[in-house]
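1. Predicted model and sequence below, questions to follow.
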Amino acid sequence: MRLKCPKFLCFKDKAEIFLFILASISIIILFLIIVFVLNEGVPAFIELGFSNFLFGHRWSPYYGNFGAFPLIYGSILIVLGSLAISVPLGVFTAIFLAEYSPRWLSNMLKPIIELLAAIPSIIYGFFGFVFLAPKIMEFLNVGIGEVALTASIILSIMTVPTIVSISSEVIASVPKEYRKASLALGATKWQTIKSLVLPTAKPGIIASLLLAFGRAVGETVAVLMVCGCVPQIPSPPWNYLEPVHALTAAIALDMGEVSWGSLHYHVLFGLGVILLVITFIVNMIADFFIKKAPRGVQI
Amino acid sequence: MKPKIEVENLNVWYGANHVLKDISMEIPEKRVTAIIGPSGCGKSTFLMTLNRLIDLVNGVCVKGKVLLDGKNIYNPGIDLTELRKKVGMVFQKPNPLPKSIYENIAYGPKIHGVKDRKTLDSIVEKCLRVVGLWDDVKDRLRDSAFELSVGQQQRLCIARALAVKPEVLLMDEPCSALDPTTTRKIEELIQTLKNDYTVVVVTHNMQQANRVSNYTAFLYLGKLIEYGPTQEIFTNPKNKLTKDYINGKFG
């Protein structure tokens, strides 16, 4: 018996219906969340004015100052700092594991590195707060250890495993035929990696960086514990040795105390909207790079 | 006849498996030498010993000498980059790189330090002309190499090997993945290549060996059974095994 339905809903068997329903549920849930966040967040933009909210320099919600710029800046500063550490570290570790280390060593190291990704973020936050922050205070001779640099280091430790495990898989999956062709032309191993293997693996590596970025920008508890939570723009603006505040941390800190439906409440959702937009933009940029090289084919 | 490559008492083991046994032969310069024999007889392994691509195989052990222009390529001080630049290789399955047609040819020269755009352009054009691909692809050099047909891909791979100006060209069953028409084109190409290159071609197709080669070596179970001018091997083989193989009694 054929089910009567529009063409794209013509299912061949029951499994297909089942899978379609499950897929629809997750998409609908995602869609509802976005609608909900927008619905609660947009009033903040309307009431405060778009640019006042986005570019206002003062964040002191209990005095009615809702300038989100220090939070946006703090988030970006922390995340860029963490990527500056985790991208080279992660990619080169992945190259080592996939290309150079003996099999027994990579078989031993990979599960350990993947385990790092499974540690709850509160543990990282705790480690940063109790161990790393005092060390930074001591060695870099600053007044307070909870600064942007501390948060960046903690975030980089958290994101390296993602980069390493995905990138090394992708690098290792570049076909042997390609490598043979390159070596037979007289290329050294490193030349083969640099001019052939990495360009071929590029879309996958970018995907891993994207996941790392997503985890870093969305990380809350660990950042909250080590970034200092001071909503300011450091001077000079690239000074990593001053405390900052982050979008996620601000939402988490204030959420328990706002009164339902107040401006503050809507502002916190507004911060959520900003986070969504940031991840969305980064996703699109990464997509562009991945699509530029379909199926690992590139010029 | 001046030998380009001299193989002396070459033995190869994969672990405990003795795959090449005491092979000695001279491969003449600017001629086509065919290696024939049933599958698993060590033909491809033999070919890989000539540019030391066999080094990539885990647990391999090579004993004996392979002299290229009188110099043993298994000497400890040998420069693998130099060796493989001189001894190019074409594989059984066409393996274009995941790059454009242009970049496939330019890859080798770039690796060896050619940066000038004009030089690269002329190398690309020259090599594509040699393999008879230029007119087909000159308007789409920036397209992916995967968009070519399989036969074109194999010719592209030959052009890629020629781009680093090798002296020897090793071909490992270059036509086994191709249809008869394309095979004939590649065979004609091999005929023209021998004017400038020393060609060693592995094949399980005896008619092909007969058509393209000047010399033929028959390998069986890792041993060199018979080696000589192709004409003699096919019309008047001295060894009974060779005769039986050529007459199709086993394969």
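-> Sure, I can see it. Residues are numbered from 1 along each chain as shown, chains lettered A, B, ... in the order given.
2. Identify each of the strands in the stretch 101-250 of chain B and give its residue range.
-> For the stretch 101-250 of chain B, the strands defined by DSSP state E, counting those that start in this stretch cover B:168-172, B:198-202, B:215-220, B:223-229.
3. can you redo the ones you listed as TSV with mean pLDDT and mean neighbour count?
-> Where C-beta positions appear, they are placed from N, C-alpha and C, glycine not excepted. Conversion of these to TSV gives the following (pLDDT from 0 to 100; neighbours: other CB atoms under 10 Å in any protein chain shown):
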stretch	mean pLDDT	mean neighbour count
strand B:168-172	95	24
strand B:198-202	95	25
strand B:215-220	94	24
strand B:223-229	94	17
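4. Out of these, flag the one nearest chain A.
-> For those, the distance to chain A is smallest for strand B:168-172, at 8.5 Å, taking CB to the nearest CB.
5. so what secondary structure elements neighbour that closest one?
-> For strand B:168-172, the contact count by 3 or more CB pairs under 8 Å, 6 or more residues apart in numbering or on different chains; DSSP states H and E identifies helix B:43-50, strand B:87-90, helix B:150-162, strand B:198-202 as packing neighbours.
6. Compute the inter-axis angle for that strand and helix B:43-50.
-> 150 degrees (axes from the mean of the first three to the mean of the last three CA atoms, to 10 degrees).
7. Spell out which parts of the stretch 51-200 of chain A neighbour chain B.
-> A:177-178, A:180-188, A:191, A:195-196, A:199-200 (CB under 8 Å from any CB of the partner chain).
8. Which among the residues you listed count as buried?
-> A:178, A:180-187, A:191, A:195-196, A:199-200 (16 or more other CB atoms under 10 Å in any protein chain shown).
9. okay if I get the strands of the stretch 101-250 of chain B as TSV plus distance to residue B:91?
-> As requested, the strands of the stretch 101-250 of chain B are exported to TSV (distance: least, CB to CB, whole Å):
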stretch	distance to residue B:91
strand B:168-172	6
strand B:198-202	11
strand B:215-220	19
strand B:223-229	23
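10. of these, which approaches residue A:12 most closely?
-> strand B:168-172 (44.6 Å; CB to CB).
11. For the chain, just list every one of the helices.
-> By default, I'm working from chain A. A:14-48, A:50-55, A:69-95, A:103-118, A:121-127, A:133-139, A:148-172, A:176-184, A:189-192, A:198-218, A:221-226, A:247-255, A:263-292 (DSSP state H).
12. I was after chain B.
-> B:43-50, B:80-86, B:101-111, B:117-130, B:134-137, B:150-162, B:180-193, B:206-212, B:230-235, B:240-246.
13. any residues touching the fifth one, and which ones?
-> For helix B:134-137, the surrounding residues in contact (CB atoms under 8 Å, 6 or more residues apart in numbering or on different chains) are B:101, B:125, B:128, B:143, B:148, B:152.
14. And stretch A:250-264, by the same measure?
-> With CB under 8 Å, 6+ apart, stretch A:250-264 has contacts from A:44, A:47-48, A:59, A:61, A:64, A:66, A:71, A:220-221, A:224, A:229, A:231, A:265, A:268, A:271-272.
15. let's go with 6 Å and repeat that
-> Contacts of stretch A:250-264 with the rest of the structure, by CB atoms under 6 Å, 6 or more residues apart in numbering or on different chains, involve A:61, A:71, A:220, A:224, A:265, A:268, A:271.
16. Now do the buried residues in that stretch.
-> Quick answer for stretch A:250-264 (16+ other CB under 10 Å): A:250-251, A:253-254, A:263-264.
17. Flag the shaky bits of the stretch 51-200 of chain B, pLDDT-wise.
-> Nowhere does the stretch 51-200 of chain B drop to pLDDT under 70.
18. ok, now which ones touch residue A:82?
-> A:152, A:155-156, A:216.
19. most surrounded residue in the residues you listed?
-> residue A:155 (30 neighbours; other CB atoms under 10 Å in any protein chain shown).
20. Looking at that one now. What's its pLDDT?
-> On pLDDT, residue A:155 comes in at 95.
21. From residue B:45, how far off is it?
-> 51 Å (CB to CB, to the nearest Å).
22. Relative to chain A, how far out is the closest residue in space to residue B:26 that isn't next to it in sequence?
-> Once flanking residues are discounted, residue B:26 sits nearest to residue B:3: 3.9 Å by CB to CB, 6 or more residues apart in numbering or on different chains. Per CB to the nearest CB, to the nearest Å, residue B:3 is found 23 Å from chain A.
23. Over to residue B:71?
-> 16 Å.
24. what's the closest non-adjacent residue to that residue?
-> Per CB to CB, 6+ apart, closest to residue B:71 is residue B:78, 7.8 Å.
25. What is the nearest of the residues of the stretch 51-200 of chain A next to chain B to residue B:19?
-> residue A:180 (18.6 Å).
26. Can you report phi and psi for residue A:220?
-> Note on residue A:220: backbone dihedrals following degrees, to the nearest 10 are phi -120, psi -60.
27. thought it was touching residue A:246?
-> No: between residue A:220 and residue A:246 there is no contact under CB atoms under 6 Å: 8.1 Å.
28. who has more neighbours, the two?
-> Remark: of residue A:220 and residue A:246, residue A:246 carries more neighbours, 33 against 18, as counted by other CB under 10 Å.
29. Tell me, how many residues neighbour the nearest residue to residue B:86 once chain neighbours are set aside?
-> Leaving aside its sequence neighbours, residue B:86 sits nearest to residue B:167 (CB to CB, 6+ apart; 5.0 Å). Using other CB under 10 Å, residue B:167 has 17 neighbouring residues.
30. Is it correct that residue B:167 is in contact with residue B:85?
-> No: look at residue B:167 against residue B:85 with CB under 6 Å: they stay out of range, at 9.2 Å.
31. picking that back up, looking at the helices and strands packed on strand B:168-172, which is nearest to residue A:54?
-> The nearest among the helices and strands packed on strand B:168-172, by CB to CB, is helix B:150-162 at 53.2 Å.
32. got the contact list for that closest one?
-> B:88, B:90, B:94, B:96, B:104-105, B:127-128, B:131, B:133, B:145, B:178, B:182.
33. hmm, try it at 7 Å
-> Helix B:150-162 has contacts (CB atoms under 7 Å, 6 or more residues apart in numbering or on different chains) with B:88-91, B:94-96, B:101, B:104-105, B:107-108, B:127-128, B:130-133, B:136, B:145, B:148, B:169, B:174, B:177-178, B:182, B:185-186, B:189.
34. Over to stretch A:51-71?
-> A:44-45, A:48, A:231-233, A:245-247, A:250, A:254, A:264, A:267, A:270-271, A:274.
35. among those residues, which ones are buried?
-> For these, buried by 16+ other CB under 10 Å: A:44-45, A:48, A:231-232, A:245-247, A:250, A:254, A:264, A:267, A:270-271, A:274.
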